[in-house]
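Next input, structure requested:
(one chain, ligands or ions: 1)
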Amino acid sequence: MLKVISSANGKIGLKAAMDVLKRGGTAVDAVEVGCRIVESNPEDRTVGYGGLPNLIGEVELDASIMDGNTLAAGAVGAVKRFEHPISIARKVMEELPHVMLVGEGAERFAREMGFEEKDLLTPESRAIWERGLREKVTGVYEDRMAYMEALRKYVHMAADPEKHLGTVNFIAMDRYGRIACGVSTSGWAWKYPGRLGDSPVIGAGNYADSRYGAAACTGRGEMTIRLCTARSIVLYMASGMSLDQAARKAMTELLDLQDPYWGRVSCIVMDARGNHGAYTIGGPSSYAVITEDMDEPEELPRVEITR
Ligand code: GLY
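Numbers count the residues shown, from 1 in each chain. Prediction:
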């Protein structure tokens, strides 16, 4: 059965992703199309165009894509001025003998691949960013160095899980039972420039293996990077655990992680039979699903994992 799941903010892309599958497209095609729709949504301040910027007001995007059939993967990090990092990540996967490109190299490659540049900072996101800075960084600074020092203290605001966390996750299963996974984000607002979260890190924020399943994460990437959460969930399923057992184990590991900036993490998961679920160590939240027999996507609650 054709199936696509996403984090709740991906719901707007699920029908288009399903249409791709119905037309015979692959799971990789479907997750790319889903992510692109969210990347173009200026209302989503955590992904793509309209995403909130880093500490110095630049929108920096991360994304990755993985083909669970071949275990091929592509990722980009800290990319500026390109609206669709998921598509650049796919090109990395398909055109280069590499998995990940960051910063200027990723932007150079995007230009070579014909992607167009665009200013990603919307007036609304700029206003939120400026208001945040005005609230925190007050006073008169002698020079830029002094100002940057003050700004560095402000980067800790990004660790507040209630503020501007997001990221979009998609997992699709196509007509051949192939699974793919896509993740895209603008990362944490007011992050230190160059900061990468888990979204471009294969195994941390994103992992797919069609033999066992796939998982993708949102939330504080600094935690899932250390625990390789997406890969752990898939590995636990490979070792014989059910989807529910595997996800609960990986989420409990996050609960137990010692971290002064401990924050919310959520995941979506699909197994090789197309069973799906979503889990969180934060408060109530939801994920979205569409199958080939549904006209509209449906939102379902995530399982909350607590101590
Ligand atoms: N999970 C997204 C991030 O940490 O940037």
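
What degree of burial does Asn206 show, as a neighbour count?
34 (other Cβ atoms under 10 Å). C-beta here means a position set from N, CA and C on the backbone, and glycine is covered the same way.

who in this structure is up against the ligand?
Neighbours of the ligand within the chain, by Cβ under 6 Å from any ligand atom: Thr167, Thr185, Gly187, Trp188, Gly197, Asp198, Ser199, Gly205, Thr218, Gly219, Arg220, Gly221.

Let's see that with 8 Å instead.
62, 165-167, 183, 185, 187-188, 191, 195-199, 205, 217-222, 224, 265 (Cβ under 8 Å from any ligand atom).

Out of those residues, list just those in helices.
Using DSSP state H, the subset of the residues of the chain next to the ligand located in helices is Gly221, Glu222, Thr224.

how close does the second one sit to Ala30?
With the distance defined as Cβ to Cβ, to the nearest Å, Glu222 ends up 29 Å from Ala30.

circling back: which one (most neighbours) among the ones in helices among the residues of the chain next to the ligand?
For those, neighbours tallied by other Cβ under 10 Å; top is Thr224, 31 neighbours.

circling back to that earlier point, just the buried members of the residues of the chain next to the ligand?
62, 165-167, 183, 185, 187-188, 191, 195-199, 205, 217-222, 224, 265 (16 or more other Cβ atoms under 10 Å).

among these, which are in strands?
Asp62, Val183, Thr185, Cys217, Thr218, Gly219, Val265 (DSSP state E).

These into CSV, with extra columns for pLDDT?
Output for those, formatted as CSV (pLDDT from 0 to 100):
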residue, pLDDT
Asp62, 98
Val183, 98
Thr185, 97
Cys217, 97
Thr218, 96
Gly219, 94
Val265, 95
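
Of the residues you listed, which pair is most distant in space?
Maximum pairwise distance among these (Cβ to Cβ): 15.9 Å, between Asp62 and Val265.

can you tell me which residues contact Asp244?
Contact analysis of Asp244 by Cβ atoms under 8 Å, 6 or more residues apart in numbering lists Gly277, Val303.

where does it land in three-state SS?
Following DSSP: H, G, I helix; E, B strand; the rest coil, we place Asp244 in the helix state.

Would you check how far apart it and Val303 are?
Distance, Asp244 to Val303, using Cβ to Cβ: 8 Å.

so what sits against both of the two?
Common contact partners of Asp244 and Val303 (Cβ under 8 Å, 6+ apart): Gly277.
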